[in-house]
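sharing a model that was predicted from the sequence below.
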Amino acid sequence: MSKKTDIKVCRYVDCPYGKEIDITKDDYRVVGKTMYYHTDCLKKKKKGEWKDEKTKADLQYIKNGWVTHISKTVIYSQLFQCLNELIARGISSDYLVFVFDYIVSHKLNLRHPKGFKYFVDKDEIKVAYKKQQSQKISSIKPSNFSGTTDSSDVPKFALNRKPNGFGSILNHKELIDEKKV
């Protein structure tokens, strides 16, 4: 049998109190039977203060898309629980939106919100995301840092063209010269 202690761990991701709750002294709340929160941390969690506006908009986009493309009878609490767990692990909301769009566009089999996390870890999707990010970076044209363009700095290339055709294969000068005439 394990010995019960008076120290519990606050489950809030950005707990400002150091994550430890001394149940003999601290002001805390219990959610379910095993999840302990400082009272302030639980209020912040319920308000969603730990998410910025872009993250909230991205999660709303996934919710609306889920209803439109996957299932109209989705249980929102399960969907948001799954998405919040992924964000708490440090996965960006941009990547989650990309994964969702990838699933929809490639018509991958996804029916339940808990299955979404398996697609987040797929190598195929990670490679596609990296490719998209590199295309975004390369599509941004670099600005001219010096402010002036000097044509002497621009590299110049010369290409020696060989004539094509049957004459170039046999290296006959007459056949090559006849083509020019």
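Okay, I see it. Numbers count the residues shown, from 1 in each chain.

so Y76 sits against K63, correct?
Yes: between Y76 and K63 a contact is recorded at 6.8 Å, counting by Cβ atoms under 8 Å. Heads up, the C-betas are built off the backbone N, CA and C, glycines and all.

any idea how far D40 lies from T55?
Relative to T55, D40 is positioned 21 Å away (Cβ to Cβ, to the nearest Å).

now the helices for this structure?
39-47, 53-65, 76-88, 93-105, 116-120, 123-139, 166-170, 173-180 (DSSP state H).

dump these to JSON lines, plus mean pLDDT, mean neighbour count and distance to G32.
Shown next, in JSON lines, are these (pLDDT from 0 to 100; neighbours: other Cβ atoms under 10 Å; distance: least, Cβ to Cβ, whole Å):
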{"stretch": "helix 39-47", "mean pLDDT": "74", "mean neighbour count": "15", "distance to G32": "12"}
{"stretch": "helix 53-65", "mean pLDDT": "87", "mean neighbour count": "15", "distance to G32": "23"}
{"stretch": "helix 76-88", "mean pLDDT": "84", "mean neighbour count": "16", "distance to G32": "12"}
{"stretch": "helix 93-105", "mean pLDDT": "90", "mean neighbour count": "18", "distance to G32": "25"}
{"stretch": "helix 116-120", "mean pLDDT": "89", "mean neighbour count": "16", "distance to G32": "21"}
{"stretch": "helix 123-139", "mean pLDDT": "87", "mean neighbour count": "11", "distance to G32": "32"}
{"stretch": "helix 166-170", "mean pLDDT": "61", "mean neighbour count": "12", "distance to G32": "80"}
{"stretch": "helix 173-180", "mean pLDDT": "53", "mean neighbour count": "11", "distance to G32": "86"}
